[in-house]
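*Asks:* Kindly return the folded structure for what I paste below:
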Amino acid sequence: MLTLVNVNRMVPVIGPIGLDYVAASAREAGIDVEILDLGMADEPANAIRKYFSGRDPELVGISLRNADDCFWPSADWFVPGLRDVVETIRAVTDAPIVLGGVGYSIFPKPILEYTHADYGVCGDGEAALPALIHQLRGRRKLEDVPGLLWQEESRIRSNPPSWPDPISLGTARSFIDNHSYFKRGGQCGLETKRGCNRRCIYCADPLAKGNKPRLRNPSEVADEVQFLLRQGIDVLHLCDAEFNIPESHAYAVCEELNRRSLGNKIRWYTYMSPSPFEADLAEAMARAGCVGIDFTGDSASESMLRTYCQRHRREDLAAAVRRCRRNGIAVMIDLLLGGPGETTQTVQETIDFIKKIDPDCAGAALGMRVYPRTAMEELVRQELRDGNNGNIRRKYSGPTDLLKPTFYISGALGERPAEFVRDLIGGDQRFFEPAVEAEPDAAGDSDASNYNYNENLLLTRAIDKGARGAYWDILRQLRRS
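*Replies:* Below is the predicted model of the structure:
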């Protein structure tokens with residue numbers, strides 16, 4: 001038997017859809033599978049001991065969704081908690097432990113070393129875990145398991161990442177309690193594809209899911225939507241990196257949802273690039289039930305967009321807002337302030353332009369999380385070699401370690417960059433402001449001005465009272481009330 005463990009305890013709760021997909025693949029491969037969901041457990045350690053007191057699995061798979069909260073100044077790091085879970089499970093079962101999930105796949109070797117788990121899977125787990133069980137039962141040819149990492153003779157060996165193309169995922173979504181997650185989390189996720197071929201200097205998505213889009217059959221996506229509807233779940237969030245990359249697939253998914261007349265039965269949100277986003281795609285999405293888009297805007301300064309290797313220009317942001325307005329789609333623009341070369345002038349240019357184009361809301365995130373194997377890593381390493389560490393923000397001591405939350409904020413923004421950005425915003429209610437370092441709890445119970453969703457009590461209370469939707473949209477509507 002395979003036991004899959006969810007360790008994500010961020011609040012509001014997020015359904016572990018990856019485990020739903022992996023469990024379906026394992027069952028299809030003839031493997032008995034159960035999920036131990038610690039996401040809503042009152043006492044995770046007690047839940048682990050109780051579960052394993054009556055079960056003896058042959059493999060335990062632990063999914064790490066997030067290595068940290070990706071938010072400065074909280075810099076909340078989740079990997080030590082993962083190690084604690086590994087140690088707790090080791091105390092109650094002799095079954096080997098394999099790690100996986102998006103958070104793990106960004107740091108596959110460092111997390112395996114840190115936690116002392118037996119195995120890790122970099123990339124998709126749907127094919128990898130059944131293959132690993134097959135090898136553990138037989139010849140133990142670990143080289144044949146896609147994406148596998150393992151310890152051998154005091155070194156870690158690794159296979160190429162598991163990125164099958166195209167992908168097919170289970171649609172039944174019956175292994176986790178999706179309805180409870182919907183009730184307590186306000187939305188339910190699904191994927192229409194995995195991977196991204198963009199080369200944004202900061203992004204870890206290609207590390208975890210592959211550097212090219214791997215597409216699902218739109219009919220399979222629609223089947224999953226209908227199954228969730230039968231569970232009473234009608235507010236969805238697509239978990240794709242950018243729904244419109246490629247644009248042809250976005251059209252195909254919308255066409256299938258519209259062919260089945262699902263657009264008037266569901267509300268859904270998505271992440272998108274501002275380009276390509278033509279008028280007919282906006283119309284198709286609205287007919288298919290899309291009510292909100294979170295655009296990866298990053299900046300409205302042309303120099304910063306070039307630095308970030310973004311393909312869109314500032315006028316694409318303006319056009320995206322207009323097209324959303326015409327189709328009744330709420331629009332959020334996510335900004336990423338403080339990157340390499342950011343100045344007070346480029347930040348002001350960005351804030352002024354966003355005010356002008358008038359989205360429903362905009363996130364003024366300050367601080368770029370630096371991930372290994374990205375262009376940002378090499379830039380940071382070079383700055384450190386040159387003796388320049390004034391742009392690096394971290395809450396740990398010792399050498400720079402990108403496994404731990406490490407952020408980049410341009411020193412040109414001064415000693416108090418968050419206060420500078422907040423002054424530029426000037427209380428404009430369309431903006432989610434950056435929290436200031438002296439007020440690490442500013443994202444919690446105080447108001448809806450900040451959009452660090454983790455432990456956001458205002459957001460959690462709204463969901464408890466029946467609010468449903470993307471978290472930025474719930475917070476936006478709270479400001480109107």
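*Asks:* and the residue lying closest to Ala131 once chain neighbours are set aside, what does it touch?
*Replies:* The spatially closest residue to Ala131, leaving aside those adjacent along the chain, is Val145, at 4.6 Å (CB to CB, 6 or more residues apart in numbering). Heads up, the C-betas are built off the backbone N, CA and C, glycines and all. By CB atoms under 8 Å, 6 or more residues apart in numbering, the contact list for Val145 reads 121, 128, 131-132, 135, 159.
*Asks:* Distance-wise, check Val145 relative to Ile48.
*Replies:* Plainly put, Val145 is 26 Å away from Ile48 if you go by CB to CB, to the nearest Å.
*Asks:* Equivalent analysis for Leu215, please.
*Replies:* Distance of Leu215 to Ile48, computed by CB to CB: 37 Å.
*Asks:* Check Phe431 too.
*Replies:* Phe431 sits 42 Å away from Ile48, going by CB to CB.
*Asks:* Also Gly328?
*Replies:* For Gly328, the distance to Ile48 - CB to CB - is 46 Å.
*Asks:* and what of Glu153?
*Replies:* Distance from Glu153 to Ile48, by CB to CB: 31 Å.
*Asks:* The two: who's more crowded?
*Replies:* Neighbour count, other CB atoms under 10 Å: between Glu153 and Ile48, Ile48 has more, with 21 against 5.
*Asks:* give me every residue that touches Val92.
*Replies:* Contacts for Val92 were tallied using CB under 8 Å, 6+ apart; they are 48-49, 52-53.
*Asks:* Taking those together, which two end up most distant?
*Replies:* Pairwise distances among the contacts of Val92 were taken by CB to CB; the largest, 9.6 Å, belongs to Ile48 and Ser53.
*Asks:* ranges for the strands of the stretch 1-150 of the chain?
*Replies:* Taking DSSP state E, counting those that start in this stretch, the strands of the stretch 1-150 of the chain run over residues 2-6, 33-37, 59-63, 97-100, 119-121, 148-152.
*Asks:* Then the stretch 151-300 of the chain?
*Replies:* 155-158, 188-190, 193-194, 214-215, 235-238, 267-272, 290-298.
*Asks:* nearest to Glu255, of those?
*Replies:* strand 290-298 (13.1 Å).
*Asks:* Please point out which parts of the next helix or strand after that closest one sit buried.
*Replies:* Per DSSP states H and E, the first helix or strand lying C-terminal to strand 290-298 is helix 302-307. Under the neighbour-count criterion of 16 or more other CB atoms under 10 Å, helix 302-307 has 304-305, 307 buried.
*Asks:* Those into CSV, with extra columns for distance to Cys324 and pLDDT?
*Replies:* Formatted as CSV, the buried residues of helix 302-307 follow (distance: CB to CB, whole Å; pLDDT from 0 to 100):
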residue, distance to Cys324, pLDDT
Met304, 23, 98
Leu305, 20, 98
Thr307, 26, 98
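*Asks:* Point out where the stretch 301-450 of the chain drops to low pLDDT.
*Replies:* Within the stretch 301-450 of the chain, the ranges that satisfy pLDDT under 70 run 437-450.
*Asks:* All the helices of it, residue numbers only.
*Replies:* 302-307, 314-326, 344-357, 375-385, 417-425 (DSSP state H, counting those that start in this stretch).
*Asks:* Redo the ones you listed as a markdown table? Include distance to Ser248.
*Replies:* A markdown table is the format used below for the helices of the stretch 301-450 of the chain (distance: least, CB to CB, whole Å):
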| stretch | distance to Ser248 |
| --- | --- |
| helix 302-307 | 24 |
| helix 314-326 | 18 |
| helix 344-357 | 27 |
| helix 375-385 | 28 |
| helix 417-425 | 37 |
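*Asks:* Nearest approach to Asp205 belongs to which of these?
*Replies:* helix 375-385 (13.5 Å).
*Asks:* what's that closest one packed up against?
*Replies:* strand 392-394, strand 406-408 (3 or more CB pairs under 8 Å, 6 or more residues apart in numbering; DSSP states H and E).
*Asks:* Show me what the first one is packed up against.
*Replies:* In this structure, strand 392-394 packs against helix 375-385, strand 406-408, with contacts taken as 3+ CB pairs under 8 Å, 6+ apart.
*Asks:* Give me whichever of those is most buried.
*Replies:* Ranked by mean neighbour count, those are led by strand 406-408 with a mean of 22 (mean count of other CB atoms under 10 Å).
*Asks:* List the contacts of that strand.
*Replies:* Defining contact as CB under 8 Å, 6+ apart, one finds that strand 406-408 is touched by 72, 75, 338-340, 367-370, 376, 380, 391-394, 400.
*Asks:* Out of the contacts of Val145, the closest to Ala470 would be?
*Replies:* Of all the contacts of Val145, Val121 has the smallest distance to Ala470: 29.1 Å, by CB to CB.
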